[in-house]
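Q: Give me a model of this one.
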Amino acid sequence: MYHIGVVGPGQSVERILDVAREFEKELRFHPFTYKKAVETKEIVMEHKDQVDAWLFSGPIPYSIAKGVLGDDESLHGVLFLETGLYKSFLNLLLQNRNLKKLSIDLPEGANISDEALSQLDVEENNLEIKTFQPDIDENDIYEYHYRLWKKGNTDGVLTCYPSVKDRLAEHGIPVSWITTTRLETKQTLLSLSEKAKALLLSEYASGCLLYRNGKSGIGKGRTSV
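A: From the prediction side, this is the model:
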């Protein structure tokens, strides 16, 4: 059985495990949740010998783990595509249909194009975007959006952090959490499943080869005595 550690905020991990049910015949999933993304470092270091691969809920924990373990082939992140951004924006419009100004935070290197942002139907001069390093203090993200709100520079917020979403919502600020979709999750799991099958097949073939070589070696040994 191929063991996969699933890392992310509680809600994201639950969503991944829900989609992962159809892959349970070949993959075994081990959930590791955090309250702050920086906890990813401790999780991967403490449990790296217990899993064959890691699946991260998005680019933030993935980048943090990569900074600890390097370009390890065992690291996988759920695809962060434009569909998740659009879904979150629609959720935000349900809170404020008159939204004209928008602030967004995105991790550096996020696969979100300028064309995708233009589809949000917010004028460029009313769009505030903050890009950040994956190990940023989440409070800095909160303060960024809160200051814009107090100044009247945003009517709503799209954030990558559930904790930031909760804190802003407490002030009555329209806010939506940018999450990956079920489709993106399934695509990533399909890729992992294929990799697991290929690895197990390779190990089986190697085992058969060693067995045949072993038998051949024993026969030669007896002949030489």
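
Q: where exactly do the helices run in the protein?
A: 10-20, 40-47, 59-69, 82-95, 114-118, 138-151, 162-169, 182-224 (DSSP state H).

Q: which residues does residue 39 contact?
A: With C-beta atoms under 8 Å, 6 or more residues apart in numbering as the criterion, no residue contacts residue 39. C-beta: built from backbone N, CA, C; applies to glycine.

Q: and what of residue 43?
A: Contacts of residue 43 by C-beta under 8 Å, 6+ apart are 5, 7, 32, 34.

Q: Next up, phi/psi of the spatially most central residue of the chain, please.
A: Nearest residue to the geometric centre of the chain (C-alpha atoms, centre = their mean): residue 58, 1.8 Å. The phi/psi pair for residue 58 (degrees, to the nearest 10) reads phi -180, psi -170.

Q: hang on, isn't it packed against residue 8?
A: Yes. Counting by C-beta atoms under 8 Å, residue 8 is a contact partner of residue 58 at 6.8 Å.

Q: number of nearby residues for residue 91?
A: Residue 91 sits with 16 neighbouring residues when counted by other C-beta atoms under 10 Å.

Q: my bad, residue 168
A: Based on other C-beta under 10 Å, the number of other residues close to residue 168 is 22.

Q: Tell me the spacing between it and residue 144.
A: 11 Å (C-beta to C-beta, to the nearest Å).

Q: what pLDDT, on average, does stretch 137-144 get?
A: The pLDDT scores in stretch 137-144 average 96.

Q: Pull up the overlap in contacts between residue 168 and residue 144.
A: By C-beta under 8 Å, 6+ apart, no residue touches both residue 168 and residue 144.

Q: got a winner among the contacts of residue 43 for most neighbours?
A: For the contacts of residue 43, neighbours tallied by other C-beta under 10 Å; top is residue 7, 31 neighbours.

Q: Torsion angles phi and psi at residue 35?
A: The phi/psi pair for residue 35 (degrees, to the nearest 10) is phi -100, psi -30.

Q: mind putting the helices of the chain in CSV, distance to residue 101 included?
A: Formatted as CSV, these follow (distance: least, C-beta to C-beta, whole Å):
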stretch, distance to residue 101
helix 10-20, 27
helix 40-47, 32
helix 59-69, 25
helix 82-95, 12
helix 114-118, 14
helix 138-151, 8
helix 162-169, 15
helix 182-224, 28
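
Q: Quick check: which of the ones you listed is buried the most?
A: Highest mean neighbour count among the helices of the chain (mean count of other C-beta atoms under 10 Å): helix 59-69, with a mean of 21.
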